[in-house]
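> sequence and predicted model, in that order:
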Amino acid sequence: QLARGLANNDSISTLSLAANNIGEAGAAQVAQVMARNGKITDLDLSANNLSDGGVRWIAKGLAAANLCQNSTLRKLSLAENALSSDAAMTLSLALKTPGVAIASLDLSGNAIGNVGLAHIADVIFVGGGLAS
């Protein structure tokens, strides 16, 4: 229902679903919204038990939105979601998609480790993405 309600919404620019325990299934719904809604600039999915599988959906949503030339997302919070270095790698690949313009990414409270940090650093320093 979330995906249907927000897919064509023209007025919501900030969407916070923080601490709602949406998990991987909820992330799949959010990915559908990301692919269709060209108005959301700030998305907070912190503390939702997304895990690496949920981030795979979010990454697909980022890539799909850019293929549709429908991406306005600038700020993404995935804090405290039990993410590993695999999730950081998946996310870094999506952030390198041409047209992705995320300026702020919050991954605090996750266990991405040095390997995950290296993937995100690659986006910042090599890919030219992310401002904070």
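Happy to help now that I have it.
> CA atoms for contacts and neighbours, from now on please.
OK.
> spatially central residue for this protein, please.
Among the residues of the chain, the one closest to the centroid is residue 58, at 4.8 Å (C-alpha atoms, centre = their mean).
> residue 52 and residue 83 touch, don't they?
Yes. Counting by C-alpha atoms under 8 Å, residue 52 does reach residue 83; the two are 5.5 Å apart.
> who has more neighbours out of those two?
A count of neighbours by other C-alpha atoms under 10 Å puts residue 83 above the other of residue 52 and residue 83, at 25 against 21.
> ok, the more buried one - contacts?
Residues near residue 83 by C-alpha atoms under 8 Å, 6 or more residues apart in numbering: 50, 51, 52, 110, 111, 112.
> before we move on, back to that, surely the residue nearest to the centre of the chain forms part of a strand?
No. Counting by DSSP: H, G, I helix; E, B strand; the rest coil, residue 58 falls outside a strand, being helix.
> switch to numbering from 2
Sure, I'll start counting at 2 from here, so that last one is residue 59.
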